[in-house]
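>>> mind looking at a prediction? Sequence and model below.
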Amino acid sequence: MRSRVHLFLDNLSLDELFFLEQEIGRRKDRFRRHYTVMSVQVERRSALAATRELTTAQTRDFRRFLGESAAAGGGTQLAYSPEVSLILFNTVEGAAQSAASILSGLAEMNGRQATADAHISLKIGIASGEDALAPGSVRCLRSSHVIRRANQCAWKAPSGSLLVDEGTAEQWPQKHLPVRLPLEIEGSPCYRVIPATKGSSGSEDDRFATYLNSVV
């Protein structure tokens, strides 16, 4: 199929190629909207210590775990691999819910493993922006600037932490403000955030704030 496409493009004139590029751009604009992308990167403590059967079972459980966590925030899986997974969200709030579900449920999933060498540690990055993204599209994975920023955030994040870009930090729904780090991604600052887990609903903080107000 690729050879046919190359032969077809070689027979086109410059005006026809320009028209084709405009038509592709016009069709992509229908899917252009504001998206939030989460990149989940896996760090194994000792990949050589685990047997092949354990690794296969662990990969299957991890993929199911990511799917359930993505559904918690209304996300759609863009791509999956044992090393890097991409999840697409329409809002930053949904990405925050899924990130909290991933970080809070990771310990339980690691507890089901037979040995400590098979435990998984994660690095998560979230980026937001306007782009044309669609599940199953290989071209969007390669050319999307939002996906590229999310991967860079996850790559620079310490193990077990979550980094976001500037656009995501401005819309972060939690009460605790994102902490700016001395890191940059494509010339923009990078922030570290802590998503609210299931056990931190914020009620204790509200009672503490009420108590301080009464004292004042």
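Structure received.
>>> now the spatially closest residue to residue 181 that is not a sequence neighbour, what's its secondary structure?
Distances taken as CB to CB, 6 or more residues apart in numbering put residue 190 closest to residue 181, at 5.1 Å, once the chain neighbours are dropped. Every C-beta, even on glycine, is put in place using the N, C-alpha and C of the backbone. Of the three states, residue 190 takes strand under DSSP: H, G, I helix; E, B strand; the rest coil.
>>> spatially central residue for the protein, please.
Of all residues in the chain, the one closest to the mean position by CA atoms, centre = their mean is residue 38, 1.0 Å from it.
>>> return the distance of the nearest residue to residue 192 once chain neighbours are set aside relative to residue 191.
Distance criterion CB to CB, 6+ apart; nearest residue to residue 192, sequence neighbours excluded, is residue 179 at 4.8 Å. Using CB to CB, to the nearest Å, residue 179 is found at 6 Å from residue 191.
>>> of the two, give the one with the bigger neighbour count.
residue 191 (22 against 11; other CB atoms under 10 Å).
>>> give me the distance between residue 171 and residue 34.
Noted for residue 171: a distance of 10 Å to residue 34, by CB to CB.
>>> give me the common contacts of these two.
residue 128 (CB atoms under 8 Å, 6 or more residues apart in numbering).
>>> on that earlier part again, could you report the neighbour count for the residue nearest to residue 181?
Neighbour tally, residue 190, other CB under 10 Å: 25.
>>> hmm, it is touching residue 179, no?
No. Using CB atoms under 8 Å, residue 190 is not in contact with residue 179, being 10.0 Å away.
>>> related to what we said a few turns ago, quick one, phi psi at the residue nearest to residue 192?
Per-residue torsions, residue 179: phi -100, psi 120 (degrees, to the nearest 10).
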